[in-house]
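J.: just the structure for this:
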Amino acid sequence: MVDDDTWSGALHRLWQAASRAEEVAALADDVYAPLLATPGVHLVVGTRWDEAVTLRYMKALGADGDGPVIVATARPMPGAAVREPDGEPVVTQASADELDDAAWPEAEFLRQSPGASVVGCTFRLDRRGWAGLSVAVDASADTEVVARRVAQAVDVIVACHTGILQRGREARRGADDALLAEASLQMDSSLDIEDTLRRVARIAVPAVADGCLVHLLRKDGPEFVAATHVAVQQQRALEEAGRDDPWLAALLAQRDDGDQALFLSGAALEGSPFAGPGPAGGGRHPTVVSVSTLHARGRVVGSITFVYQRPENRLPDSAFLDSLATRAALAIDNALLYELRRHAVLSLQEHLLPSRLPAAAGWDLSASYEVGDPMLDVGGDFYDAVPRPDGSIALLIGDVCGRGAEAAALTGLARHTLRTLLEEGTDPGTALSRLNRALRQEGASRFLTAVVVTMAPRADGTVLLTTCSAGHPRPLVLRADGSIGEVVSGGLLLGILDDVSYESHEDFLAPGDTLVLFTDGLTESREADGTCFESVLPGRLSDLRGSDAAQVAESLARQARAFRASGQDDIALLVARWNGIMPSDGLLPLETLLEQAALR
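T.: Just a heads-up that it's a prediction; the model follows:
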């Protein structure tokens, strides 16, 4: 017998079990035993129903101590809808013989006690289902006490289920937060638009959905970019749906900036590639599709379509999808902005450099330019090759301190000033002095380095080099035999003092020799241990003996880039190889050089 004090202890133990339980079914023993020990109680039956009024589970246990009878086969019972509670638990009392079998599957057990009456309570667990707890009592039972104890047990069961759901939501929220954080890291790690979109699809499957489609909004409408599915055999069908399906294209075209995640299922998917057999059809669970608009900074950039074939309780909520879509949209928008900026910078950089180098008999000229700044500010490196009236060619290369718009403006000023002066026949030292004067008159706040070399072929097949430098790295000469020489030069940086003069130094090239001019981005590329490329440059250049100018320029730039573990400066190279092919008078005809200049 269980008196009130004993029942209070049993109820306390039930609360303790409820605080630890991971599912409501685990409370059965702590609920059934004390109820069966209540005077007059012969049988306890528990039932579990889903939202479609289908009996999912039934357990009956009698006071005789025999093992419980468990019915776990799903049984649709529409007649039981009359018992479904709307809100608070509902307690009923009736004779076991009067129970309607269409509404009471428990009746077959409750009638086992002849003349018994029934005290039952139905209660809602969540929006997806409800449950019942019924006891069979004889005439000796105090039905009010029994009803009160059943109601108290139900309160514990409901509280237990609520706690389980809450803990599940908290665990799900923690997992969602972790997924969102990882998604942000993955998506932000690339500034390539299509790679970012593919990362979105890969992150979402299977953590969020069974399939994912990503579209980018273009001027002509949604453009399919990426798709993935947990089932390899459905991957291709999903890609085809994303690329060509008119139903999906029409749906995506209707989405706008203010839309939240849209969920579609059942009849709403009729006519879609997701209805019945297809990229997401034919699964155990009904197919559900959600569409999230990707909008960033007040404009739509694309959409994510998720395909689900999983239980409803494993579907993500709208808030999570909206958060994921917002992060994806920002990552995509950043990639778009980066791409626009990259094109703008490259276009501006292109206009700061010569479109082509002149062709001249006897010379093999080439150049290379590597952008080193990941933020893509315009660099200050420049170079040019200028035919001169006396038949010589002037090479110039320089580097403005810093990056950005101001550096770009000085780059354009320096290159065009030197080019104009050298085309007119001005000697290198005077050209550098006049550029320095122009910088000082402009009030330039940045300094720059530069070196100018004029190359004049001579009748004996050699070339006279006349070099002037304004604080720039010394050019190197790769001799035909593989030895490396340094062109002596030196002078003050440009833009520092008002009156500066620059001395000229002479050297010679023989047939097969190669002159290499470069900016400090080449020599200051560093390995992880701090070693500069400058220390290995002579050996790397010597290994290129016999290479043409383009091979030398491209190889040195590529090697410096591979060598670099730190350093973000641009790399500019200007290479001139003297092949020794000369016109009959030893100099290039003036009219030929002028014609070449006009072609530029």
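
J.: can you pull out the helices in the stretch 151-300 of the chain?
T.: 193-204, 232-244, 246-253 (DSSP state H, counting those that start in this stretch).

J.: can you tell which of these is closest to P76?
T.: Set against P76 and scored by Cβ to Cβ, the helices of the stretch 151-300 of the chain come closest in helix 232-244, at 30.9 Å. Where C-beta positions appear, they are placed from N, C-alpha and C, glycine not excepted.

J.: now do the buried residues in the helix or strand harbouring A60.
T.: Element membership of A60 [criterion: DSSP states H and E] is strand 54-62. Using 16 or more other Cβ atoms under 10 Å as the test for burial, strand 54-62 gives L55, R56, Y57, M58, K59, A60, L61, G62.

J.: tell me which helix or strand of the chain sits lowest on mean pLDDT?
T.: Lowest on mean pLDDT, DSSP states H and E among the helices and strands of the chain sits helix 590-599, with a mean of 46.

J.: show me where pLDDT drops low in the stretch 1-150 of the chain?
T.: Counting by pLDDT under 70, the stretch 1-150 of the chain has low-confidence residues at 1-2, 65.

J.: coming back round to it: deepest-packed of the helices of the stretch 151-300 of the chain, please.
T.: helix 193-204 (a mean of 21; mean count of other Cβ atoms under 10 Å).

J.: and that one, C-alpha only, in CSV?
T.: Provided in CSV are the C-alpha atoms of helix 193-204 (Å, rounded to 0.1, in the frame of the first residue of the first chain):
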residue,chain,number,x,y,z
ILE,A,193,33.4,34.0,-55.8
GLU,A,194,32.8,30.5,-57.2
ASP,A,195,35.1,28.9,-54.6
THR,A,196,33.2,30.7,-51.8
LEU,A,197,29.9,29.4,-53.2
ARG,A,198,31.1,25.9,-53.5
ARG,A,199,32.3,26.1,-49.9
VAL,A,200,28.7,27.1,-48.9
ALA,A,201,27.3,24.0,-50.5
ARG,A,202,30.0,21.6,-49.0
ILE,A,203,29.5,23.0,-45.5
ALA,A,204,25.7,22.6,-45.6
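
J.: tell me the angle of it relative to helix 232-244?
T.: Here the directions of helix 193-204 and helix 232-244 differ by 140 degrees (axes from the mean of the first three to the mean of the last three Cα atoms, to 10 degrees).

J.: which strands and helices lie in contact with helix 193-204?
T.: helix 143-188, strand 211-218, strand 221-229, strand 299-308, helix 318-352 (3 or more Cβ pairs under 8 Å, 6 or more residues apart in numbering; DSSP states H and E).

J.: got those as a markdown table, with mean neighbour count and distance to P511 columns?
T.: A markdown table is the format used below for the helices and strands packed on helix 193-204 (neighbours: other Cβ atoms under 10 Å; distance: least, Cβ to Cβ, whole Å):
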| stretch | mean neighbour count | distance to P511 |
| --- | --- | --- |
| helix 143-188 | 16 | 54 |
| strand 211-218 | 23 | 56 |
| strand 221-229 | 20 | 55 |
| strand 299-308 | 23 | 58 |
| helix 318-352 | 17 | 33 |
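
J.: and the ones you listed: which comes nearest V118?
T.: So among the helices and strands packed on helix 193-204, helix 143-188 is nearest, using Cβ to Cβ, at 9.8 Å.

J.: other SSEs contacting that closest one?
T.: Against helix 143-188 (3+ Cβ pairs under 8 Å, 6+ apart) you get helix 4-20, helix 28-36, strand 90-95, strand 117-126, strand 129-137, helix 193-204, helix 318-352.

J.: gap between it and the chain center?
T.: Taking Cα atoms, centre = their mean, to the nearest Å, one finds the center of helix 143-188 at 32 Å from the center of the full chain.

J.: got it, and stretch 74-85?
T.: On Cα atoms, centre = their mean, the centre of stretch 74-85 falls 48 Å from that of its chain.

J.: could you dump the helices and strands packed on helix 193-204 to JSON lines with distance to S542?
T.: What follows is these, written out as JSON lines (distance: least, Cβ to Cβ, whole Å):
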{"stretch": "helix 143-188", "distance to S542": "43"}
{"stretch": "strand 211-218", "distance to S542": "49"}
{"stretch": "strand 221-229", "distance to S542": "48"}
{"stretch": "strand 299-308", "distance to S542": "51"}
{"stretch": "helix 318-352", "distance to S542": "31"}
